[in-house]
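**Student:** okay, here's the prediction I keep looking at, along with the sequence it came from:
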Amino acid sequence: MKKLNYKKLNTFIAADVIKPFYEMRLERLESAKLSYISKRKNPYLFKAKNVETAGDLAKGILDAFLSSQEETIFGDLMERLAIHVCHEVFGGKKAEEGKYKSVDLIFERDKKIYVVGIKSGPNWGNSDQVNALKRNFKIAKGMLREKAGKKKIVSVNGCMYGRDNKPHKVSKKDSGLSYYKICGQLFWELVSGDDQLYKKIIQPLSKEAKKKDEIFKDLYSKKINEMTKDIVNRFYADDDLDWDKIIEYVSRK
């Protein structure tokens, strides 16, 4: 086990988490056009929320478009951070794609081999998806058994935030399907050996985000104004939103 270099960690967060996240956000924002995204958002929802102005409709459509992929994008980048941290401390490696399904990270700690599938939070999937994860964990453990020798192989569903008060998920029918669900503070401690890392990564995330956010906000405001003008030109009648026109635009055969 090596000690984590926090100066290098902060540099990694700036270059490999915040920078690509904002690049993707800006790229997505620049590509946003009312004619494209309005047909992919539910107009009945906006009416049910009593949206009455062009500005509110533009903001609602744009925010829904931007947020629809943000959690996935940021989750992938934070997964990259977790793997980087584990590599620095325990020599962990990203699981070989195509070889290990549902497994993102494999590392050794305390004479145990950990097989980890990383998710953003604890409420990530339905029962079919969880069952697939368990089956894939069992397969991965079988593939590693010979190399592991006498070392215990532990399956972990690692969640980057949240908590689970009963982490050991025991399968009474098949012990090979048993696994641990380790979330939040416990997850970051598992991959780093530092039980305070879950809080330490907030500071560099915040510092770098402030630098990038001004550029994003400026473009966001311009995009809202552009889409508001477009909505007025397309869907206004008698100084009000014409919802018949909006529904026809989205859904008419």
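**Tutor:** Great, that's in hand.

**Student:** strands of this protein, start to end?
**Tutor:** Here the chain has its strands, by DSSP state E, at 93-94, 105-109, 112-119, 152-159, 168-169, 179-183, 236-237, 240-241.

**Student:** want to throw those strands into a markdown table with distance to residue 190?
**Tutor:** Every residue, glycine included, has its C-beta placed from N, CA and C. Below are the strands of the chain laid out as a markdown table (distance: least, C-beta to C-beta, whole Å):
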| stretch | distance to residue 190 |
| --- | --- |
| strand 93-94 | 15 |
| strand 105-109 | 8 |
| strand 112-119 | 7 |
| strand 152-159 | 7 |
| strand 168-169 | 14 |
| strand 179-183 | 6 |
| strand 236-237 | 55 |
| strand 240-241 | 51 |
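
**Student:** just give me the neighbour total for residue 130.
**Tutor:** Residue 130 has 15 neighbouring residues, counting by other C-beta atoms under 10 Å.

**Student:** could you report the pLDDT at it?
**Tutor:** Listed pLDDT for residue 130 reads 95.

**Student:** kindly list the longest helix within the chain.
**Tutor:** Criterion DSSP state H: the longest helix present in the chain is helix 54-90.

**Student:** mind listing what's buried along it?
**Tutor:** For helix 54-90, burial by neighbour count (16 or more other C-beta atoms under 10 Å) applies to 54-59, 61-62, 65-66, 74-75, 77-90.

**Student:** again, but for stretch 181-200
**Tutor:** 181-188, 190-194, 197-198, 200.

**Student:** look up how far residue 22 lies from the closest residue in space to residue 101 that isn't next to it in sequence.
**Tutor:** Take residue 101 and drop its neighbours on the chain: the residue closest to it by C-beta to C-beta, 6 or more residues apart in numbering is residue 136, 4.3 Å away. From residue 136 over to residue 22 the distance is 33 Å, taken as C-beta to C-beta, to the nearest Å.

**Student:** try residue 206
**Tutor:** Residue 206 is 13 Å from residue 22, by C-beta to C-beta.

**Student:** so what's residue 167 up against?
**Tutor:** Residue 167 makes contact with 180, 181, 182, 183, 186, according to C-beta atoms under 8 Å, 6 or more residues apart in numbering.
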